[in-house]
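Engineer: Provide a 3D model corresponding to the input given below.
(chains A and B)
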Amino acid sequence: MPVSFHIGKVSGKARAGRLVTPHGEVETPVFMPVGTQASVKAVPQETLEELGAQIILGNTYHLYLRPGIDTVRRMGGLHGFMAWPRAILTDSGGFQVFSLNELRKLTDEGVTFRSHLDGSSHFFSPESAMEAQIGLGADIIMAFDECTEYPADRERVRTSMELTARWATRSKNYFEEHKQEVPWKNSRQPSAVSRQEKQIPRSARNDMNDEPMTQALFGIVQGGMDRELRRESALRTIEIGFPGYAIGGLSVGEPRELTREIVESTLEHLPKDQPRYLMGVGTPEEIVEYASLGVDMMDCVLPTRAARHGLLFTSEGKVSIKQARYAQDHSALDPGCACRVCRRYSRAYLRHLYASNEVLAQVLNTIHNLSFYLDTMRQVRHSIQLGEESRFVSGVWSRPKP
RNA sequence: GCACAGGUGGGUGAGUGGUUAAAGCCAACAGACUGUAAAUCUGUCCCUCCUAGCGAGGUACGAAGGUUCGAAUCCUUCCCUGUGCA
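Structural biologist: Down below sits the predicted model:
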């Protein structure tokens, strides 16, 4: 059986649930830190655990180029290779079809990329992307899609959406035939999970029999900024049938209100009892808002990338730690934050580390930003559990006063 | 003392008669960042003024003088730095 999803509490449109994966249970709504090349940049795995990261992302395209799927597979899949016992989700490389647009050639069969590392040529198809993702062995893998650019005219969006739909079918077909080839298929119960399994209630455990767990393949809804095409894409993807659905193709340059509008309207067409994954968002305010709309999973490079660039998210708003005004600031980065960075270091020190180009700046900044994001989601889950839907009504959610 | 080589904007360093307020890099200051080609990218970076512009003035390439329509660039003297020889 693949991943299973159990909704506990519903508050307004928001849901608090549990995603049971071969590598542990994930409480939703969840924020998933991005670890493109088998590393959440600047943060060691043990620290991610300490921060409470339940599931992280990896990227098929990057890992395929380096170190190569075969290497990762022989090292026990991504979990074994990067020594991460908890859940992992891999992106199929569909986003690279979008972001590497100058290095690729697209046909119905698939995409030819020129490697950004050495210029060599590589072909990705729904089938090869599935083969690679099975080799990487993430708990959740994604259909190979085309992330439509913005702006795009309606015909272009339709064509792109239809391509994604055809690729979704091919992704699923290949996956169904080969899903038993995961690197960890022989280990009946991955060691890291056994402890957590005890905490899974009977209702959830009922789904589990002696059959080893397999990966889950999620479908992706495209359709640009067109509500009607989004609806059509959702229906077609659901018809193919997946254990979870992602909303892709957003945060590609469109205005924020439009993102929200498309998210909201697309969610209406997705199954209520299955996980919904909004790909590639957002700011702390945005992820709270999307959770309130009924999104269960989100990922974003923003907290990690912004941290490396000196932009920190705090309960009082954004702090650009490189600014001269912090040069002699004794105070903690975020007085309202209990992370190990805020407990220990001053803004003046963090600014100095950044200005001096010390690697520690990246480490500490990233730890804080991730801590802030994960903490934010933890509180969102808590609010949903308490049925505090009023917090979400306006789309603005305020942190409970201590 | 003599002989070479040099002295350029906060630093470094191009530029050897005119599109040069002076390249590039660094520092400084500000901004961006949303399924990661990102420890990246963008802007500002002599002063003053305004109708805020590939705008107007002023000051500036060690110092002072000179040649020239025009000098960071050529000449003279002086000052300073480095190296070598006494």
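Engineer: need the helices for the stretch 201-350 of chain A, in chain order.
Structural biologist: Counting by DSSP state H, counting those that start in this stretch, residue ranges of the helices within the stretch 201-350 of chain A are A:202-205, A:227-240, A:256-267, A:284-293, A:302-308, A:340-344, A:347-355.
Engineer: Out of those, flag the one nearest RNA strand B.
Structural biologist: RNA strand B sits nearest to helix A:302-308 of all the helices of the stretch 201-350 of chain A, at 3.2 Å, using CB to the nearest atom of the strand. Quick note: C-beta positions are derived from backbone N, CA and C, even for glycine.
Engineer: so of the helices of the stretch 201-350 of chain A, which one's packed in deepest?
Structural biologist: Comparing these by mean neighbour count (mean count of other CB atoms under 10 Å), helix A:284-293 comes out on top with a mean of 23.
Engineer: So which elements touch that helix?
Structural biologist: strand A:14-21, helix A:256-267, strand A:297-300, helix A:359-385, helix A:390-393 (3 or more CB pairs under 8 Å, 6 or more residues apart in numbering; DSSP states H and E).
Engineer: what's the offset of the second one from the middle of its chain?
Structural biologist: Same thing as helix A:256-267. 18 Å (CA atoms, centre = their mean, to the nearest Å).
Engineer: what pLDDT, on average, does that helix get?
Structural biologist: Mean pLDDT, computed over helix A:256-267, is 97.
Engineer: Give me the contacts around that helix.
Structural biologist: With contact meaning CB atoms under 8 Å, 6 or more residues apart in numbering, helix A:256-267 is reached by A:13, A:221, A:223, A:225, A:227, A:230-231, A:234, A:247, A:250-251, A:276, A:278, A:281-282, A:286, A:289-290, A:293-295, A:395.
Engineer: OK, contacts around the residue in the stretch 101-250 of chain A that RNA strand B sits nearest to?
Structural biologist: Nearest to RNA strand B in the stretch 101-250 of chain A, going by CB to the nearest atom of the strand, is A:Cys147, at a distance of 2.3 Å. Neighbouring residues of A:Cys147 by CB under 8 Å, 6+ apart: A:Gly94, A:Phe95, A:Val97, A:Phe98, A:Ser99, A:Gln222, A:Gly248, A:Gly249, A:Val252.
Engineer: For it, report the pLDDT, please.
Structural biologist: 96.
Engineer: same check, this time on the one 3 residues further on
Structural biologist: A:Tyr150 is assigned 95 on the pLDDT scale.
Engineer: tell me the secondary structure for it?
Structural biologist: Using DSSP: H, G, I helix; E, B strand; the rest coil, the structure places A:Tyr150 in coil.
Engineer: count of residues packed around it?
Structural biologist: When counting by other CB atoms under 10 Å, one arrives at 17 neighbours for A:Tyr150.
Engineer: pull the helix or strand with minimum mean pLDDT from chain A.
Structural biologist: Counting by mean pLDDT, DSSP states H and E, chain A has its least confident helix or strand at helix A:202-205, which shows a mean of 40.
Engineer: Go ahead and build a ChimeraX selection from the buried members of the contacts of A:Cys147.
Structural biologist: Here is the ChimeraX command that selects the buried residues among the contacts of A:Cys147 (16 or more other CB atoms under 10 Å):
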select /A:94,95,97,98,222,248,249,252
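Engineer: Take the contacts of A:Cys147 and write them to a markdown table, including pLDDT and distance to A:Glu27.
Structural biologist: Listed next are the contacts of A:Cys147 as a markdown table, based on pLDDT from 0 to 100; distance: CB to CB, whole Å:
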| residue | pLDDT | distance to A:Glu27 |
| --- | --- | --- |
| A:Gly94 | 90 | 27 |
| A:Phe95 | 94 | 25 |
| A:Val97 | 84 | 32 |
| A:Phe98 | 89 | 30 |
| A:Ser99 | 93 | 30 |
| A:Gln222 | 98 | 28 |
| A:Gly248 | 98 | 23 |
| A:Gly249 | 97 | 27 |
| A:Val252 | 95 | 29 |
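Engineer: can you narrow the contacts of A:Cys147 to ones near RNA strand B?
Structural biologist: Subset of these in contact with RNA strand B: A:Gly94, A:Phe95, A:Phe98, A:Ser99, A:Gly248, A:Gly249, counting by CB under 7 Å from any atom of the strand.
Engineer: got the contact list for the fourth one?
Structural biologist: If I follow you right, that is A:Ser99. Neighbouring residues of A:Ser99 by CB under 8 Å, 6+ apart: A:Cys147.
Engineer: same check, this time on the third one
Structural biologist: Applying CB under 8 Å, 6+ apart, we find A:Phe98 in contact with A:Glu146, A:Cys147, A:Thr148, A:Glu149, A:Val252.
Engineer: any idea which element A:Ala138 lies in?
Structural biologist: Using DSSP states H and E, A:Ala138 is not contained in any helix or strand.
Engineer: ok, it - how many residues close by?
Structural biologist: Neighbour count of A:Ala138, defined by other CB under 10 Å: 28.
Engineer: who wins for proximity to A:Phe124 among the helices and strands packed on helix A:284-293?
Structural biologist: A:Phe124 lies closest, by CB to CB, to one member of the helices and strands packed on helix A:284-293: strand A:297-300, at 20.3 Å.
Engineer: Mind giving me the packing neighbours of that closest one?
Structural biologist: Here strand A:297-300 is seen to pack against strand A:30-33, strand A:276-278, helix A:284-293 when contacts are counted using 3+ CB pairs under 8 Å, 6+ apart.
Engineer: will you turn the ones you listed into JSON lines that also has distance to A:Pro2 and mean pLDDT?
Structural biologist: What follows is these, written out as JSON lines (distance: least, CB to CB, whole Å; pLDDT from 0 to 100):
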{"stretch": "strand A:30-33", "distance to A:Pro2": "17", "mean pLDDT": "98"}
{"stretch": "strand A:276-278", "distance to A:Pro2": "14", "mean pLDDT": "98"}
{"stretch": "helix A:284-293", "distance to A:Pro2": "24", "mean pLDDT": "97"}
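Engineer: Strands of the stretch 101-250 of chain A, residue ranges please.
Structural biologist: Along the stretch 101-250 of chain A, counting by DSSP state E, counting those that start in this stretch, strands occupy A:104-106, A:111-114, A:121-124, A:140-142, A:216-221, A:245-247.
Engineer: Show the secondary-structure elements that the fifth one is packed against.
Structural biologist: Looking back up the chat, that one is strand A:216-221. With contacts taken as 3+ CB pairs under 8 Å, 6+ apart, strand A:216-221 sits against strand A:140-142, helix A:154-178, helix A:227-240, strand A:245-247.
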